[in-house]
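[1] Quick check, what structure comes out for this input:
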Amino acid sequence: MSAIPVSTEASMRLKPPGESPLVAEKDIYGSRLSLRSADIIELGCGRAFQTLSIAKAHPGARITAMEVDPVQNKLNAELDAPANVRFVACGAQAIDAADASADVVMMFKSLHHVPNDLLDTAMREIRRVLRPGGLAYISEPVFAGELNEVVRIFHDEEKVRLAAFGAVQRAVSSGLFELVEEIFFETKMRYADFAEFERLMIGATHTAHKLDANQYRRVCERFALSMGKDGANFRSPMRVDLLRRAQ
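    Down below sits the predicted model:
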């Protein structure tokens, strides 16, 4: 790993202090992490979008992609994935990996899915599997933006996202990790139509969403406000806490 300066806990913020740039997330982690020949653990890999992108860009890296949702994990196992990817069924609170076996642990929008009472356990597990000086890249959605306003009608994540941020703060203040950098940015999300949004978001297998008729109508109406000729385009605010395992 290349040397990265250490920041301080005082710089940690739940939301950005001002406007954030619109960038692809791969540009964020690509400019801050040395992944070319790294041992990487991805926790909560979901549909493995980032997994496959990293694996193809860095064929010398070794990626263990973990997912607790059994439905999604089965689908991932059936993917035509590169040889440097291995899928494992487990959650962040009990990582199926040896001590000090990873250079980098990555989480994309998944820490807030860990049960609240297991968040501190998950942070300790991340530290356990990292080698001394290893980095944890924890990317979480900021509770703001138009897409958030659509989703919160049927799935309000404000409390769980706040809890996840609190766990990161405690991990830094307790000395488990050093805060290297906190990065705010916005990423583009596009849905061709409402049917795609319904399939990917409302129909997500990790959560059983049950909308009543009124909720469904409100979601349709709110989503329609963002529809254009090329689909519905959203700017989603994100926060990354880049942490280093303390020596």
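
[2] can you map out the helices along this structure?
    Secondary structure of the chain (DSSP state H): helices located at 25-30, 49-57, 70-77, 119-129, 146-151, 158-173, 194-197, 213-224.

[3] Correct me if wrong: Met66 contacts Gln93.
    No - the pair Met66 and Gln93 fails to qualify as a contact (Cβ atoms under 8 Å) at a distance of 11.1 Å. Backbone N, C-alpha and C define where each C-beta goes, glycine included.

[4] ok, the two, which is more surrounded?
    More crowded of Met66 and Gln93, by other Cβ atoms under 10 Å: Met66, with 26 against 18.

[5] what's the distance between the more buried one and Val142?
    Going from Met66 to Val142 by Cβ to Cβ, to the nearest Å gives 24 Å.

[6] And Leu111, by the same measure?
    Going from Leu111 to Val142 by Cβ to Cβ gives 13 Å.

[7] Comparing those two, which shows the higher neighbour count?
    Counted by other Cβ under 10 Å, Leu111 and Val142 do not tie: Leu111 has more neighbours, with 26 against 20.

[8] Grab the nearest non-local neighbour of the more buried one.
    In space, and not counting its chain neighbours, Leu111 is closest to Ala164: 4.3 Å by Cβ to Cβ, 6 or more residues apart in numbering.

[9] can you pull the contacts of the one you found?
    Contact partners of Ala164, counting by Cβ atoms under 8 Å, 6 or more residues apart in numbering, are 111-112, 114, 119, 140.

[10] repeat that for 6 Å
    With contact set as Cβ atoms under 6 Å, 6 or more residues apart in numbering, Ala164 has these partners: 111-112, 140.

[11] Sort out which of those residues are in strands and list them.
    The members of the contacts of Ala164 that map onto strands under DSSP state E are Glu140.

[12] looking at the chain, which helix or strand is least sure?
    Using mean pLDDT, DSSP states H and E, helix 70-77 stands out as the lowest-scoring helix or strand of the chain, at a mean of 92.

[13] chain center to that one, what's the gap?
    When distances are taken as Cα atoms, centre = their mean, to the nearest Å, helix 70-77 is centred 18 Å away from the chain's centroid.
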